[in-house]
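Trainee: Sequence first, predicted coordinates after that:
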Amino acid sequence: MAMLTVPPVVLAPLPRVSVEDGATRRSAFYGNLRRPLYPVIKSETVDPVRNPYAPGAGQRPPELAGRDRELQQFEIVLERVARGRPERSMVVTGLRGVGKTVLLNTFKSMAMQRLWGTGKIEARPEQSIRRSVAAALHMAIRELAPRHRAPERIEEFLGVLKAFAMRDPSAAKGTSHWSPAIDVPAGRGRADSGDLEIDLTELFVDAAAVATDLGVGIALFIDEMQDVQAPDVSALCAACHELSQSGGPLIVVGAGLPHLPSVLSASKSYSERLFRYARIDRLDREAADLALIAPAESEGVEFTPEALDALYEAADGYPYFVQAYGKVAWDLALRSPITADDIRVSAPEAEEELAVGFFGSRYERATPAERDYMHAMASIGDEPVATSDVADGLGRKPSSLSPARDSLIKKGLIYSAERGLIAFTVPHFGKFLRSQPV
Ligand SMILES: Nc1ncnc2c1ncn2[C@@H]1O[C@H](COP(=O)(O)OP(=O)(O)OP(=O)(O)O)[C@@H](O)[C@H]1O
Ligand SMILES: [Mg+2]
């Protein structure tokens, strides 16, 4: 029988595409697209396809500007914990859109680079942290397991982890049949008492022991930490406290709204000694400029000094706004350098996008009574305001407004700055509300 011979497939060499050339338009590869793309792109050098800016929740910015101090601090935390030195866990706080999630994700990458086990959760007000902590530590151990020499140690820990997860009270009530995808039998007698404080402590100690075998650590990241339920906060602090005494290499790294430190200290008075607080804020002028210039530079685009002035005035250094204004300015600019005129032309569009995506989506979550409360706050001013002044403004008794205030705090729209004072968690929210019909 004659053999079928298949002729070798000869692949034509791919055309060389370089970014400097404007890969999307000038290379032969995209030559056929040139005409349809031109009317959309309009400009030759400021190409919307290569727009580097990234406004969005947790979106990794093209340049993480102005956070060197926090990164250095975390580097030291990692090093000290790995060496078994006493060290406090870190908690990052700040307003909405200031870059907490992005910083937490960067910390996570730093820990992973050191071959630590890592896991991350996002706290929710209506949920106990038991399951999510179990899932996050499961991830962390999966990262470490392939390097561990004694598989039975890993299995033993997974048994404890499974028992811990299965003590979820909602699962016991039959409201859920969730059980972790861990294919070892659940252990007995460790981390399964049903008391979260005891269980979390035992789980952390055991997880830390696995990491110790490898000479690394485990980092558990908790975003929106202010939403952890009160009993769980207390259990978490107690577990961290225990761990800090035993020197186990496991740290909890949190991020949350500015009132998070008071949430933690209301739960355990020693929490201030447990966590190192890093408040992050708007970027200063130099950092805000860097956040815009550095990504543009890699695309061969520049800004005039006046454009940077106008952008700083518009974005006020808030990272989310820096990305939002930068993105629209880039899309509408015809050529490099981007000028103050480009900013003037593009600002209304950026504001419109922010009004819908950043402010509007949050405003929508408030009930009519909560909206009245926020409008009253906004009419007083942009600084933290006294709750008694809000009540006066609405012609009501302060006590009758407590439900609206408390639920706004729960929804993360306002926070209690200090006793008797409240403020918006969203930067420029007062200005936005004043521009809305009451
Ligand atoms: N250091 C930075 N430099 C430049 N841009 C940044 C920086 N940090 C964050 N951003 C940008 O700001 C935006 C918001 O970041 P992020 O979601 O991390 O904020 P957040 O504080 O977690 O907000 P929220 O409280 O709403 O969760 C993202 O678009 C991100 O790219
Ligand atoms: Mg966030």
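Mentor: Great, that's in hand. The structure presented is a predicted model; accordingly, all values stated were derived computationally and were not measured. Numbers count the residues shown, from 1 in each chain. Ligands and ions are numbered 1, 2, ... in the order given.
Trainee: Now do the contacts for the closest residue to residue 353 other than its chain neighbours.
Mentor: With sequence-adjacent residues excluded and distances taken as CB to CB, 6 or more residues apart in numbering, residue 353 is closest to residue 324, at 6.2 Å. C-beta coordinates here come from the backbone N, C-alpha and C atoms, glycine included. By CB atoms under 8 Å, 6 or more residues apart in numbering, the contact set of residue 324 is 53, 55, 315, 350, 353-354, 358.
Trainee: looking only at pLDDT, what's the mean for the helix or strand where residue 324 lies?
Mentor: Under the criterion DSSP states H and E, the helix or strand holding residue 324 is helix 319-332. Mean per-residue pLDDT for helix 319-332: 97.
Trainee: surely residue 103 meets residue 67?
Mentor: Yes. Applying CB atoms under 8 Å, one finds residue 103 in contact with residue 67, separated by 6.0 Å.
Trainee: Between the two, which contacts overlap?
Mentor: residue 280.
Trainee: can I assume residue 194 is in contact with residue 167?
Mentor: Yes. Checked against CB under 8 Å, the pair residue 194 and residue 167 is within contact range at 5.1 Å.
Trainee: Compare the two (neighbour count), which wins?
Mentor: Ranked by neighbour count (other CB atoms under 10 Å), residue 194 and residue 167 place residue 167 first, with 19 against 11.
Trainee: Tell me who's in contact with that one.
Mentor: 130, 191-194, 199.
Trainee: Could you pull out the helices in the stretch 301-438 of the chain for me?
Mentor: 305-315, 319-332, 340-353, 361-363, 368-380, 387-394, 402-410, 429-434 (DSSP state H, counting those that start in this stretch).
Trainee: out of these, deepest packed?
Mentor: Of all the helices of the stretch 301-438 of the chain, helix 319-332 has the most neighbours on average by mean count of other CB atoms under 10 Å, namely a mean of 25.
Trainee: between that helix and helix 340-353, what angle do the directions make?
Mentor: Angle, helix 319-332 to helix 340-353, by axes from the mean of the first three to the mean of the last three CA atoms, to 10 degrees: 120 degrees.
Trainee: on that earlier part again, which of the contacts of residue 167 sits closest to ligand 2?
Mentor: residue 130 (22.3 Å; CB to the ion).
Trainee: so how many other residues sit close to the closest one?
Mentor: Using other CB under 10 Å, residue 130 has 23 other residues around it.
Trainee: Please apply the same query to residue 85.
Mentor: 11.
Trainee: Contacts only, for the residue in the chain positioned nearest to ligand 1.
Mentor: Closest contact between the chain and ligand 1, by CB to the nearest ligand atom, is at residue 99 (2.5 Å). Residues counted as contacts of residue 99 (CB under 8 Å, 6+ apart) are 61, 64, 67, 280, 319-320.
Trainee: what do you get if the cut-off is 10 Å, keeping everything else the same?
Mentor: 58, 61, 64-67, 70, 92, 106, 255, 280-283, 291, 318-320, 322-323 (CB atoms under 10 Å, 6 or more residues apart in numbering).
Trainee: which regions of the stretch 151-300 of the chain lie under the pLDDT threshold?
Mentor: Within the stretch 151-300 of the chain, the segments meeting pLDDT under 70 span 170-180.
Trainee: Point me to the residue of it nearest ligand 2.
Mentor: Across the stretch 151-300 of the chain, the shortest distance to ligand 2 (CB to the ion) belongs to residue 223, at 5.8 Å.
Trainee: Surely that residue touches residue 100?
Mentor: Yes. Counting by CB atoms under 10 Å, residue 223 touches residue 100, with 7.3 Å between them.
Trainee: who's more crowded, those two?
Mentor: Neighbour comparison, residue 223 and residue 100: the larger count goes to residue 100, with 26 against 19 (by other CB under 10 Å).
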